[in-house]
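missing the sequence, but the structure's below:
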């Protein structure tokens, strides 16, 4: 047996966005949100029961264009200042494949 729950925060925020849009229409204004135009959304897959494996939470990214979930990146990327960058001092660690 395997039980999965998918929690996407954006799904629960849709109602709030629609309420804002409705309120703006009543006031005679146009409400345009970029909420629905995002190409990807973060999702959380909660494995509540698994007979043959571990339970827990998996962070995923949902790509709307492909209707596909993929693993969320585990590394945080940061911007490098090119003036301060010195290739001699870089340490590059690669995972063993």
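Looks like it arrived, so ask away. Only a predicted model underlies this, so the values are computations on that prediction, with no experimental measurement involved.

could you point out which element follows the lowest-mean-pLDDT helix or strand in the chain?
Lowest by mean pLDDT, DSSP states H and E among the helices and strands of the chain is strand 2-7, with a mean of 63. Next in sequence after strand 2-7, counting helices and strands by DSSP states H and E, comes helix 9-26.

okay, buried residues for that following helix please.
residue 21 (16 or more other CB atoms under 10 Å). Where C-beta positions appear, they are placed from N, C-alpha and C, glycine not excepted.

now do the strands in the chain.
2-7, 40-50, 56-63, 68-71 (DSSP state E).

so which of those strands gets nearest residue 21?
Comparing those by their distance to residue 21 (CB to CB), the top pick is strand 40-50, with 19.0 Å.

quick one, that closest one and helix 9-26 angle?
Computed with axes from the mean of the first three to the mean of the last three CA atoms, to 10 degrees, the direction of strand 40-50 lies at 130 degrees from that of helix 9-26.

next, the buried residues of strand 40-50.
In strand 40-50, counting by 16+ other CB under 10 Å, buried: residue 43.

list the helices and strands that strand packs on?
strand 2-7, strand 56-63 (3 or more CB pairs under 8 Å, 6 or more residues apart in numbering; DSSP states H and E).

give me the neighbour count for the closest residue to residue 68 other than its chain neighbours.
Leaving aside its chain neighbours, residue 68 sits nearest to residue 62 (7.4 Å; criterion: CB to CB, 6 or more residues apart in numbering). Residues within reach of residue 62, counting by other CB atoms under 10 Å, total 18.

residue 62 bridge partners, please.
residue 41, residue 69 (DSSP bridges).

can you tell me how far it is from residue 47?
Look at residue 62 and residue 47: by CB to CB, to the nearest Å, they are 17 Å apart.
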